[in-house]
Each structure stands twice: as C-alpha cells, then as structure tokens.
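Engineer: Structure for this input, please:
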Amino acid sequence: MRSWNCLNWNGADGFGVFFLFFGMMLFFDKALLAIGNILFVAGLSFVIGWERTFRFFFQKHKVKATSFFLGGVVVVLIGWPIIGVVGFFPVAVGFIRRIPVLGSLLNLPGISSLVDKVGESNTMV
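Structural biologist: Numbers count the residues shown, from 1 in each chain. As a prediction, the model looks like this:
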C-alpha cells in the first residue's frame, strides 16, 4: 500500500514539473505555473513526509533560498508569474553549481562574485 501511495505522489511531482515547464513554454502562463507549484510542493510533502519537508525548507543555512522559493510561489499564485520565476533564480544557481561543467564555469573569477550575490553560496546538505 505504501509503495502505491508514493507512486501516486511521484506522479503529482511529475505533473507539477510538467505544468511548470509547460507554463514557461507558453510565456509564463500564470494558471499553469500555479498548478505546477501546488502539485510539486504537495507531491514532495506527501512523498517524503510533512516533517522532512518542513525540515528541508526551514533550515538556518537555507533561509534565503526558502524565502525566495516560497515567495515566488505566492507571487505566482497572486498572478505575477515573471516576478515569481525570478525568485527561483537562487535555487537554480545553487543547482547549476553542482553540475560538473557548468559549475566550473560559474566559479570563474569574474562570474563567481556576481553569482554569489544572486545564488545561494552554501551547500544544500
């Protein structure tokens, strides 16, 4: 029973990512982005549990990234999708830094000072 439940909520995560991607492809359609945000966060919390989701988002070293992410979700739900997606940049920069080739490009001397201001400077773990 537990594995079937996780499969259903992984589907919610998958649909959330699909709606987010499709919403961006359709020039930041606010309805698709809002559905994607809700499905992704709900699917994540049901897959890993409410307590682990809370601990993931509300750690001291992730305060900046969490505030940008949740603020972006709220702004998209209000109806300003482009401003909400801008709030996702610190999370995206933190992820790109962990990709081997792109991460080394972001650590170049001229680029790294600019990226440190935009992205999260500490690790997610």
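Engineer: From now on I want contacts and neighbour counts done on CA atoms only, so please keep to that.
Structural biologist: Will do.
Engineer: ok, L26 - contacts?
Structural biologist: Contacts for L26 (C-alpha atoms under 8 Å, 6 or more residues apart in numbering) come out as none.
Engineer: Just the element for I83, please.
Structural biologist: Secondary structure assignment for I83, by DSSP states H and E: helix 81-86.
Engineer: Report the mean per-residue pLDDT for that helix.
Structural biologist: If you average the pLDDT over helix 81-86, you get 73.
Engineer: could we number from 442 for the rest of this?
Structural biologist: Sure, I'll start numbering at 442, so the last one becomes helix 522-527.
Engineer: In PDB, list the C-alpha atoms belonging to stretch 490-497.
Structural biologist: Extracted C-alpha coordinates of stretch 490-497, given in PDB (Å, rounded to 0.1, in the frame of the first residue of the first chain):
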ATOM      1  CA  GLY A 490       6.600  13.300   4.700                       C
ATOM      2  CA  TRP A 491       5.400  16.500   6.300                       C
ATOM      3  CA  GLU A 492       8.200  16.600   8.900                       C
ATOM      4  CA  ARG A 493      11.000  16.000   6.500                       C
ATOM      5  CA  THR A 494       9.600  18.600   4.100                       C
ATOM      6  CA  PHE A 495       9.400  21.100   6.900                       C
ATOM      7  CA  ARG A 496      13.000  20.300   8.000                       C
ATOM      8  CA  PHE A 497      14.200  20.600   4.300                       C
END
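Engineer: Can you name every helix or strand that the helix or strand containing F481 contacts?
Structural biologist: Using DSSP H and E, the element containing F481 is helix 471-489. In terms of contacts (3 or more C-alpha pairs under 8 Å, 6 or more residues apart in numbering; DSSP states H and E), helix 471-489 is packed against helix 443-466, helix 491-498, helix 504-519.
Engineer: redo that, cut-off 10 Å
Structural biologist: Here helix 471-489 touches helix 443-466, helix 491-498, helix 504-519, helix 522-527, going by 3 or more C-alpha pairs under 10 Å, 6 or more residues apart in numbering; DSSP states H and E.
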